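Asks: Next come a sequence and a model predicted from it.
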Amino acid sequence: MNTDFKDIFGSAGPLARALPGYAYRSEQAAMAKAVGLALAREEPLLVEAGTGTGKTFAYLVPALLSGRSVIISTGTRTLQDQLFHRDLPLLAKALGLPVKVALLKGRSNYLCRHRLEMVTQQASLLAVGRGELETLAKVARWAAVTKTGDLSELEELPEQSSLWPAVTSTRENCLGQECPQFGGCYIIDARRRAQASEIVVVNHHLLLADLALKEDGFGDLLPGAGAVILDEAHQVPDIAAQFFGQIWSVRQVQLLLRDLAAELTTAGVQSPAANSVIEGLSLKLDELRSILPAGGPRYDWARLPEGFVDLLTGLQTTLADLTHLLEGLGASSGIANCAKRATTLSSGLATLQTISDESGLRWVEVTHKGLSLHFTPFEIADRLRGFIEARPSSWVFTSATLAIGEDFSHFAARIGLTSARTLRIESPFDYREQARIFLPSNMPEPQSALFAGAFIDACAPLLEASGGRAFLLYTSYRGLAEGEAALRKRFPKPPFPVLVQGQAPREVLLARFRKLGNAVLLATGSFWEGVDVKGEALSIVAIDKLPFASPDDPLLKARLEGIRRRGGNPFFEYQVPQAVLALKQGVGRLIRDFDDFGVVVIGDPRVRTKAYGRAFLESLPPSPVVVESSVVEEFLRERLRALHAHRPSPRVI
């Protein structure tokens, strides 16, 4: 494969001819060259591509030209759909390549014909409400015409609907080749299309499930792949930890009992013994949930009440009894599958009770909706590296946030590829001209009760100067609530619309923010990354505190303990680098295009008062750092004046 992509990305190349408004970016061509070499040499590559690089095209073009079968894995289903429906067809046409491309999602995205039939027949038994019955009828009508079974086609079925899990399968309840609808299985069809395609677009959860769990009876994606490209790769270590650990939940047992009741009815089996065991299990689950208060902290295994642990043992035994009882019935494949699920749940409980505390962290989470038991290994890097090295293909990891300065060692160590080639590509944006970084003076310490009010007071003059147009990003829900209260106190009648996370779904809030053009959005969590607002609607990104992960997070505890056990320093080896990468993600929301401008506000005084603060500042874009509010206020006013001065006046007819 020709690894010099200047002719393709150049101003006279096929992309320029095919794409309106296309502009050559040397950074994009440089990344494409590096990806092309990695694919040709079958070697791993880590690429940090600054915002505006055009990294999507920079890895898609060499993937299309490589002549290899390539798996492209993304962080979200939204990006999956964009790659499959827009970017890949566009590039394939521009390059004149007749490439077969497939989109493959996880099980929960595809209709299961068998479970639709079962829920339709057993609607009363499965407690389907009147409103859901109407939706179920729409699902049935759509099922008669859909070719893919992808539930994203069906707008009438929102993801939060209780019908969604009822008409889809899980790895546990799928009947496989014993299913009466196996011949028309949408998941099987999707896998077959994927295995017959040169480019397959998946997401990280599906890819890592394929690595760690192996989808029994559905083939393995990876053996036939010549390359794997992972976009938004900074998410991979955390997702991998979920698959290399273990989870057992009350919900899994409840779903088993619900499905079992339906299968017994469908098969015409009356078993007083089975009914007795089902009733006993339900009582034990209720008792288990009553021992630990809901909504409290996550409970370390060593501190669980003795009665709770005794109940787990009783549940394990009862689930094993259910397995033997169902195996004796031998009535249908559905009942046989329920027996297998009971075995899995019983053995899972046994493993969680006996697993060594030397290998990982065990903990329990209780919410108002359920209770779950977890095991998280201290280290996943060796295991992840083993999976990668076992497959002779190129692995490319790319994101806007992989490195601390020029150093990739933190991310590389987390995925076990410490010797991988690395490349850091600067953003083509002119941050020195387009942005300012404001560090307000005299801020109280982050834990102070005065902090929330002081942060809003520091932001208020900027909000007035810009007329809103801001994201206020918080590191916790408590901070978000305190920030909203402080904002409403400072602006009893705000001169701009105020949007708050939780008022509406994420995408609805973002659409509203873009449409309003001068709103102030207060948010946390998911708004720190994957959010793209171009233009003057977003001129301020204000971050309250340095985004250190919560010390109560069990995943964090497990990683910190793993570092301690090998004699490392958890704070500087893990907590600071992770917080630096998270800050880069948040700051990256501001400048999304060549014409964008704005101010980043960091309210946390530790960025200047602590020695580790330098690592945060050095990771930020090369914009001037300002400590006087008046300077950034005037910057915003000037840029907005200039923007509006160049905007043509409306014509009077």
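Replies: Great, that's in hand.

Asks: excluding its backbone neighbours, what's nearest I199?
Replies: V101 (4.5 Å; C-beta to C-beta, 6 or more residues apart in numbering). To be clear about C-beta, it is placed using only N, CA and C from the backbone, and glycine gets the same treatment.

Asks: My error: substitute V119 in the last question.
Replies: A166 is the one closest to V119 (C-beta to C-beta, 6+ apart), at 4.7 Å.

Asks: And the one you found, how close does it get to Q122?
Replies: Distance, A166 to Q122, by C-beta to C-beta, to the nearest Å: 10 Å.

Asks: Please identify which of those two sits among more neighbours.
Replies: Set A166 next to Q122 and count neighbours by other C-beta atoms under 10 Å: A166 wins out with 23 against 19.

Asks: backbone phi and psi for V600, please?
Replies: phi -100, psi 130 (degrees, to the nearest 10).

Asks: From P624, how far out is it?
Replies: V600 is 11 Å from P624, by C-beta to C-beta.

Asks: what do the two both touch?
Replies: Contact criterion C-beta atoms under 8 Å, 6 or more residues apart in numbering; residues shared by V600 and P624: 436-437.

Asks: Those two: which is more packed in?
Replies: The neighbour count for V600 versus P624, taken as other C-beta under 10 Å, is higher for V600 (26 against 14).

Asks: same question for the lengthiest helix in the chain, mean pLDDT?
Replies: If you go by DSSP state H, the chain has its longest helix at helix 306-329. For helix 306-329, the mean per-residue pLDDT is 90.

Asks: what's the answer for stretch 226-238, then?
Replies: Mean predicted lDDT for stretch 226-238 stands at 94.

Asks: just how off-centre is that stretch within its chain?
Replies: 12 Å (C-alpha atoms, centre = their mean, to the nearest Å).

Asks: end-to-end on that stretch?
Replies: When the termini of stretch 226-238 are compared using C-alpha to C-alpha, to the nearest Å, they are 25 Å apart.

Asks: swap in stretch 397-415?
Replies: Distance between the two ends of stretch 397-415: 10 Å, counting by C-alpha to C-alpha.

Asks: That one - what's its average pLDDT?
Replies: pLDDT averaged over stretch 397-415 gives 94.

Asks: For that stretch, buried residues please.
Replies: The neighbour-count check on stretch 397-415 (16 or more other C-beta atoms under 10 Å) flags 397-404, 408, 410-415 as buried.

Asks: wait, which of those residues is closest to G483?
Replies: Using C-beta to C-beta, T401 is the member of the buried residues of stretch 397-415 that lies nearest G483, at 24.0 Å.

Asks: How about the secondary structure of that closest one?
Replies: What DSSP: H, G, I helix; E, B strand; the rest coil gives for T401 is coil.

Asks: And it, how close does it get to L581?
Replies: The gap separating T401 from L581 is 5 Å, by C-beta to C-beta.

Asks: following whichever strand or helix holds A16, which helix or strand shows up next?
Replies: A16 belongs to helix 14-18 when elements are defined using DSSP states H and E. Where DSSP H and E defines the elements, the next helix or strand beyond helix 14-18 is helix 26-41.

Asks: Please spell out which residues along that next one are buried.
Replies: 27-40.

Asks: and those residues, which two are the farthest apart?
Replies: Across the buried residues of helix 26-41 (C-beta to C-beta), the longest gap, 20.7 Å, separates E27 and A40.

Asks: Would you map out the domains in the chain?
Replies: According to automatic domain parsing, the chain comprises the domains 6-106+190-242+380-425, 246-377, 431-646.

Asks: which secondary structure elements does the helix or strand where D286 lies contact?
Replies: Assigned by DSSP H and E, D286 falls within helix 272-291. Packing partners of helix 272-291 (3 or more C-beta pairs under 8 Å, 6 or more residues apart in numbering; DSSP states H and E): helix 250-267, helix 306-329.

Asks: same thing but 10 Å
Replies: The contact analysis (3 or more C-beta pairs under 10 Å, 6 or more residues apart in numbering; DSSP states H and E) places helix 272-291 against helix 250-267, helix 306-329, helix 333-354, strand 360-366, strand 371-377.

Asks: so which of those gets nearest Y22?
Replies: It's strand 371-377; of the helices and strands packed on helix 272-291, that one is closest to Y22 (C-beta to C-beta) at 45.6 Å.

Asks: ok now whichever helix or strand comes after the closest one, how far from the chain's centre?
Replies: The helix or strand immediately downstream of strand 371-377 is helix 381-389, counting by DSSP H and E. Counting by C-alpha atoms, centre = their mean, helix 381-389 is centred 21 Å from the centre of its parent chain.

Asks: buried sites along helix 381-389?
Replies: For helix 381-389, by 16+ other C-beta under 10 Å, it's 381, 383-385, 387-388.

Asks: related to what we said a few turns ago, let me know the average pLDDT across the helix holding D286.
Replies: Helix 272-291 shows a mean pLDDT of 89.

Asks: and the next element down the chain from it?
Replies: Moving toward the C-terminus from helix 272-291, the first helix or strand encountered (DSSP H and E) is strand 299-300.

Asks: Pull up the pairing partners for that next one, direction included.
Replies: strand 360-366 (antiparallel) (DSSP bridges).

Asks: angle of the strand it pairs with against helix 250-267?
Replies: Per axes from the mean of the first three to the mean of the last three C-alpha atoms, to 10 degrees, the angle that strand 360-366 makes with helix 250-267 is 70 degrees.

Asks: Fine by me, we can end here.
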